[in-house]
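Trainee: next one to model:
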Amino acid sequence: MKYLPLYILFIITIVFYSCENKFVPPKMDLKSEDIPEQESWNSSVAFSDSGNVKAILRAGHISAFNKKGYTLIDSGAKVDFYRNGEIVSTLTSKRGKVLEPSKDIEIYDSVVVVNKEGSILKTQKLLWSNKSQKVSTDVYVKIKSPKEEVEGIGFESDQNLKNYSIFKVTGIFSQ
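Mentor: Next up, the predicted model:
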């Protein structure tokens, strides 16, 4: 019993010593421009011209960096493109970026575009120009339609995938 106070002091010392460094917050070198001004989850953004909806973007997570002039999209992205109030094509991917003030959209990672006629475009990167209402890429692209399968490097099309050009083409064509 005479060593009990010494034993308790020893235990308390070990407990405080072992917990000493656990309460120090981690050091972070974040700059204010690396922190988004706004964030939203499971959001929709409409792009319109003269009251007519041109596209609706849906994303799992959106981070707006106004000072940098862009908005990041991640956790899945889907864009429905409209003409005369009707969906003419749908684009999906894992992530992307909306460029301000042009509202152009860069989409990356597992990009798929399907038009209402059933043509399917697959690539890893795609740019949609809000001004021209066209999509393009400078990387590998594959398009499968009811009449043909075409692959190549580089691509440009209307957003409906009806009138397109593929550069450095390979493919299977049927009459």
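
Trainee: identify the residues contacting stretch 109-118?
Mentor: Residues outside stretch 109-118 that contact it (CB atoms under 8 Å, 6 or more residues apart in numbering) are 87-95, 120-126, 135, 145-146, 160-162. Every C-beta, even on glycine, is put in place using the N, C-alpha and C of the backbone.

Trainee: put the buried members of those residues into a ChimeraX selection.
Mentor: Filtering the contacts of stretch 109-118 down to the buried ones (16 or more other CB atoms under 10 Å) takes a single ChimeraX command:
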select :88,89,91,92,93,95,121,122,123,125,126,135,145,160,161
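
Trainee: helix, strand or coil for residue 33?
Mentor: Following DSSP: H, G, I helix; E, B strand; the rest coil, we place residue 33 in the helix state.

Trainee: surely residue 81 and residue 105 touch.
Mentor: No: contact criterion CB atoms under 8 Å: residue 81 and residue 105 do not qualify, at 10.4 Å.

Trainee: so what sits opposite residue 141 in the bridge?
Mentor: In this entry, residue 141 is beta-bridged to residue 123, residue 152, by DSSP bridges.

Trainee: number of nearby residues for it?
Mentor: For residue 141, the neighbour count with other CB atoms under 10 Å is 29.
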